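Peer 1: With the sequence up front, the predicted model follows.
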Amino acid sequence: MTKLVSKISVITTFYNAQTFIGNAMMSVISQNVPEFCEVEYVIVDDKSQDKSREIVEHIISENKDKPRFSFKLVEPDKNLGCGGARKFGISKATGDYFMFLDADDYYMRIDFIEEAFKTITSENADVVEYGVIYNQQNGQQSNSTAPQKIVITNPHDMEIALFKDNLIKFNVWSKIYTREIVESYPYSDVRTFEDVRTIPIWISNCKKVVIMPIPEINYRAASNSIIRTNWVDTRLGTISAIAELFPRFKDDRQLLKAMYTRSMIDLEALLNQKSSECEGFDKMSQLNTYMLKFIYPDKWQELTYNVEDDPELNPDLKEKIRSKYIKTDLNNLPGM
């Protein structure tokens with residue numbers, strides 16, 4: 001009797017990535033293909049203007065005969081940006097399981113796909129999270145990997161792992177997913193912070209998440225990365241993306257508090273800057289008040305920042321916020 005074959009779809013999107021796209025692709029192509037499995041590599045050309053596509057086509061031509069490995073090079077009608085391009089790639093993928101890799105990153109070990117497939121199937125998990133090695137342009141490196149294997153089946157524990165402990169990351173590319181989870185909510189098609197707008201909802205739809213203590217992805221901070229483009233905008237963008245999730249989870253106050261606490265990481269970073277560098281304060285104040293209205297619906301009007309009795313927040317941070325924040329007119333906020 002022939003055993004059924006599972007398919008893993010790996011999705012890479014690229015735009016003017018001629019410097020690194022070859023490295024990323026070869027880290028996927030060189031992977032060991034798991035037994036009774038095939039890999040579908042979906043590569044999305046988001047209307048590149050450099051030699052990226054030429055490089056991609058050459059690599060596909062050189063590797064088209066790899067056993068149990070297939071390629072799909074697809075292109076939308078117009079440039080879509082990160083979110084739209086990934087969403088387009090998902091629509092073209094036919095796998096039972098999904099993985100993602102950015103064009104300037106790479107898989108560190110040739111058995112990553114094999115290991116990820118074995119873990120998600122043997123654990124009967126919805127998502128498996130792996131560690132990331134972050135490499136900055138200044139040569140600094142950091143390791144974001146769990147200290148031990150963690151299995152989570154309680155929804156509240158998943159929220160804590162995502163919003164408080166950073167064991168589940170907001171990025172889309174450090175995980176393997178079942179098709180059911182990827183199809184449970186459409187991937188955000190906005191151009192920036194699309195993963196922050198999507199991953200929390202995918203995780204909220206999971207029954208089981210496994211976090212592995214193995215670093216598998218090498219993240220390279222490219223010079224044109226959104227994270228490097230504008231530091232203040234990056235912080236504001238993350239908090240804006242979290243705030244947009246509040247209406248969806250409005251009936252889960254504990255989750256809202258966890259999300260709010262996560263946003264404090266970026267708020268504290270802004271508050272620690274000199275006032276002249278904090279041009280995002282007005283927007284931050286709006287977002288702060290917007291989120292507080294969901295958490296404290298009966299007394300938000302009394303508050304500038306009312307978490308005085310919340311033991312989870314640092315007293316020094318609360319004092320900084322009290323001294324710099326003002327009440328905000330909510331009439332002009334979206335969704336109010």
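Peer 2: Ah, there it is.

Peer 1: Heading C-terminal from the lowest-mean-pLDDT helix or strand in the chain, find the next helix or strand.
Peer 2: Sorted by mean pLDDT, DSSP states H and E, the helices and strands of the chain end with helix 226-229, the least confident at a mean of 43. Remark: after helix 226-229, the chain's next helix or strand is helix 231-244, criterion DSSP states H and E.

Peer 1: Need the CA coordinates for that following helix. CSV is fine.
Peer 2: Provided in CSV are the C-alpha atoms of helix 231-244 (Å, rounded to 0.1, in the frame of the first residue of the first chain):
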residue,chain,number,x,y,z
TRP,A,231,12.8,54.2,13.8
VAL,A,232,9.9,56.1,15.1
ASP,A,233,7.6,55.0,12.3
THR,A,234,8.6,51.4,13.0
ARG,A,235,7.6,51.7,16.6
LEU,A,236,4.3,53.5,15.8
GLY,A,237,3.6,51.0,13.0
THR,A,238,3.9,48.0,15.4
ILE,A,239,1.5,49.6,17.9
SER,A,240,-0.9,50.7,15.2
ALA,A,241,-1.0,47.1,13.9
ILE,A,242,-1.7,45.8,17.5
ALA,A,243,-4.4,48.5,18.0
GLU,A,244,-6.2,47.4,14.8
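
Peer 1: For the following helix or strand past it, name the packing helices and strands.
Peer 2: For helix 231-244, the succeeding helix or strand toward the C-terminus, using DSSP H and E, is helix 253-271. If contacts are counted by 3 or more CB pairs under 8 Å, 6 or more residues apart in numbering; DSSP states H and E, helix 253-271 sits against helix 155-163, helix 231-244, helix 281-295, helix 315-324. All C-beta spots, glycine's among them, are computed from the backbone N, C-alpha and C.

Peer 1: what's the angle from whichever strand in the chain runs longest to helix 155-163?
Peer 2: Selection of the longest strand in the chain by residue count, based on DSSP state E, yields strand 209-220. Put simply, strand 209-220 runs at 10 degrees to helix 155-163, going by axes from the mean of the first three to the mean of the last three CA atoms, to 10 degrees.

Peer 1: And strand 209-220, what's buried?
Peer 2: Of all the residues in strand 209-220, those buried under the rule 16 or more other CB atoms under 10 Å are 209-212, 214-220.

Peer 1: swap in stretch 111-118?
Peer 2: Neighbour counts over stretch 111-118 (16+ other CB under 10 Å) mark 112-117 as buried.

Peer 1: residue ranges with poor pLDDT in this protein?
Peer 2: Along the chain, the model assigns pLDDT under 70 to residues 1-4, 222-232, 267-282, 299-336.

Peer 1: let's see it at 50
Peer 2: 1, 223, 225-229, 274-277, 304-310, 313, 320-336 (pLDDT under 50).

Peer 1: Break the protein into its domains for me.
Peer 2: What automatic domain parsing lists as the domains of the chain is 6-225, 230-332.

Peer 1: and among these, the most buried is which?
Peer 2: domain 6-225 (a mean of 18; mean count of other CB atoms under 10 Å).

Peer 1: what about that domain, distance to the chain center?
Peer 2: Domain 6-225 has its C-alpha centroid displaced from the chain centroid by 10 Å (CA atoms, centre = their mean, to the nearest Å).

Peer 1: how about the helices in the stretch 51-200 of the chain?
Peer 2: Here the stretch 51-200 of the chain has its helices, by DSSP state H, counting those that start in this stretch, at 52-63, 81-92, 112-122, 155-163, 179-182, 194-204.

Peer 1: Distance to residue 44 added to the helices and strands packed on helix 253-271, as TSV?
Peer 2: Formatted as TSV, the helices and strands packed on helix 253-271 follow (distance: least, CB to CB, whole Å):
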stretch	distance to residue 44
helix 155-163	26
helix 231-244	22
helix 281-295	31
helix 315-324	41
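
Peer 1: just to revisit the earlier point, closest to residue 290 out of the buried residues of strand 209-220?
Peer 2: Checking the buried residues of strand 209-220 against residue 290 by CB to CB gives residue 209 as the nearest, at 28.5 Å.

Peer 1: Quick check: the closest one touching residue 127?
Peer 2: Yes - the criterion here is CB atoms under 8 Å, and residue 209 meets it with residue 127 at 4.9 Å.
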